[in-house]
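Kindly generate the corresponding structure for this input.
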Amino acid sequence: GMDSAVTSAKRKQRCITLYTMLRSHLRAHAQAYGALALLVTGAITAGAIIVLHRTEKARFVASRLEYMALVGNLKAERILNFHREQLSTVKFYASNPVIAQEYRGTLAGDALARVHAETILSSLLARGAYESVHLVDRHGRLVLSAPQGAPAHPASTGAARLINIHRSADGKASLDYEAETIDGARLILHVQNSAWLTPLTEHWPGLEETAETIIFTREASSLLALNDSRLSTPTALALRIPIDSDIIAARAARGETGPLLGLDYRRRLCYAVARKLPALDWMIITKIDAAELLAPLRKNALLLMLTIALVYALLTSLIVIFFRVRAERQRAEADADRHLLSTAIEQACESIVITDKNGFILYANPVFTRTTGYSRREAYGRTPSLLKSGQQDAAFYKTLWDTITRGEVWKGRFINRSKDGTFCE
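This next block holds a predicted model:
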């Protein structure tokens, strides 16, 4: 039982000693540890900001691309609806028996039939966004047109469909829809892009300045733009992109799916979404410049960084103030201790002399000056040997100096000679 108690007491004493040493160490190096803590806090904060910024960026970009995909899908549906409408219109009029009858009359040289047929074509021209309407025979020869003299394009065979994408005489991009009539002729509707495709693609529902939709079709080893850009010179039937290039549209045409980040036809970094229209063999690219899309996020990140920097600066200032106040308090306590010690030495009843490590006197208290007759000015810078009386031998002084130079306490009795030659102890 006694051994266990002793062991427990020793263990407790070691813990107390360790705690005391640790506490003293922390106090002695408080400023260094404070600076280290500040640096660690700053590093952790910076890391957290980076992670949060990346997470927020991914979420923000995904939401914006989802919105762009929605816009692209709406435009695609409107284009497909227009396409279906044109197919339905050309098929309906091509199967009209009245047109077939007037066509036969025109071929037979009936002037009245020609007038009736031209009237029907003119009404069709006024009904839709058509630049011209043509009726050609099965050999592709122009029979009737509205307006008169408008050029026709070679006819093909088959069901109602989009047969041609070309640039008209006025330099505008146009589309041709055709269908076969009852008598084997072909009815061709000449649609100008500026009347329907361009308005659909140029309009953007938001305030984004660089957002746009470009429609491409594949021709051999390149992609051909079908509509004009909001941001550049006319691109319809003028912009061609090699299918093997690094442009976003070419990458999408090669099969890349999902949101895309890359260069557009202007060589600007963009975010884009792509959708193919199998019914037309077209592809819609909806895109926006990366700089504009990320601008709100960068602004928020900058505000966050400034806020954290201010908080960090405030925290640093508080820590600096804390250590300054602590240092001032410690200095004041040390000054108070020195003053107390100085007072105690000044008022001591014994002679007290303080020397440097070489034995030269730095200080002597009032009792010293009274008992020896030497003033402080006279004693300063001299060695205690000025009081040597000859009553102690060399071995006495050697023992004295060996003891105090080892940092130990020497105790003994001096017989000194005062300034007037009398002896004093």
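
Report pLDDT for the closest residue to A211 other than its chain neighbours.
Once its chain neighbours are removed from consideration, A211 has its nearest residue in I288; the separation is 4.2 Å (Cβ to Cβ, 6 or more residues apart in numbering). In short, each C-beta sits where N, CA and C put it, glycine included. Note for I288: predicted pLDDT of 94.

Kindly report the same for Y103.
According to the predicted model, the pLDDT of Y103 comes to 87.

That one - that's part of a strand, no?
No - Y103 sits outside any strand when classified using DSSP: H, G, I helix; E, B strand; the rest coil, being helix.

related to what we said a few turns ago, what's around the residue nearest to A211, how many residues?
If you count neighbours by other Cβ atoms under 10 Å, I288 ends up with 24.

That one: what secondary structure?
When the rule is three-state DSSP, I288 gets the label strand.

same thing with E209?
Following three-state DSSP, the label given to E209 is coil.

gap between E131 and A94?
18 Å (Cβ to Cβ, to the nearest Å).

Any regions of the stretch 151-300 of the chain where pLDDT drops low?
Low-confidence segments of the stretch 151-300 of the chain, defined by pLDDT under 70, are located at 151-159, 169-170.

Where does the prediction get shaky in the stretch 1-150 of the chain?
1-8, 10, 19, 23, 25-35, 38, 128-129, 149-150.

Show me where it has its helices.
For the stretch 1-150 of the chain, the helices defined by DSSP state H, counting those that start in this stretch occupy 2-28, 30-94, 97-107, 111-127.

Just name the most buried of those helices.
Among the helices of the stretch 1-150 of the chain, the stretch with the highest mean neighbour count (mean count of other Cβ atoms under 10 Å) is helix 97-107, at a mean of 17.

buried set for stretch 361-368?
For stretch 361-368, the buried set under the neighbour-count rule, 16 or more other Cβ atoms under 10 Å, comprises I361, A364, N365, V367, F368.

how about those residues, which pair is most distant?
I361 and V367 (14.5 Å; Cβ to Cβ).

ok so, going back, now the helices of the stretch 1-150 of the chain in a markdown table, with distance to S351?
Putting these into a markdown table (distance: least, Cβ to Cβ, whole Å) gives the following:
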| stretch | distance to S351 |
| --- | --- |
| helix 2-28 | 35 |
| helix 30-94 | 40 |
| helix 97-107 | 139 |
| helix 111-127 | 128 |
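
do you know which of these lies nearest T355?
Among those, helix 2-28 comes nearest to T355, with 28.4 Å by Cβ to Cβ.

which ones are touching S123?
S123 makes no contacts at all, as judged by Cβ atoms under 8 Å, 6 or more residues apart in numbering.

I should have written I49 there, sorry.
Counting by Cβ under 8 Å, 6+ apart, I49 touches L304, M305, I308.

quick one: which of the residues you listed is nearest L314?
If you rank these by distance to L314 using Cβ to Cβ, I308 comes first, at 10.5 Å.

per-residue pLDDT, that closest one?
Looking at I308, its pLDDT stands at 76.

what does E346 give?
Per-residue confidence for E346 comes out at a pLDDT of 81.

That one and P366, how far apart?
Counting by Cβ to Cβ, the gap between E346 and P366 amounts to 6 Å.

can I get the contacts of I49 in TSV with distance to F414?
As requested, the contacts of I49 are exported to TSV (distance: Cβ to Cβ, whole Å):
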residue	distance to F414
L304	75
M305	73
I308	69
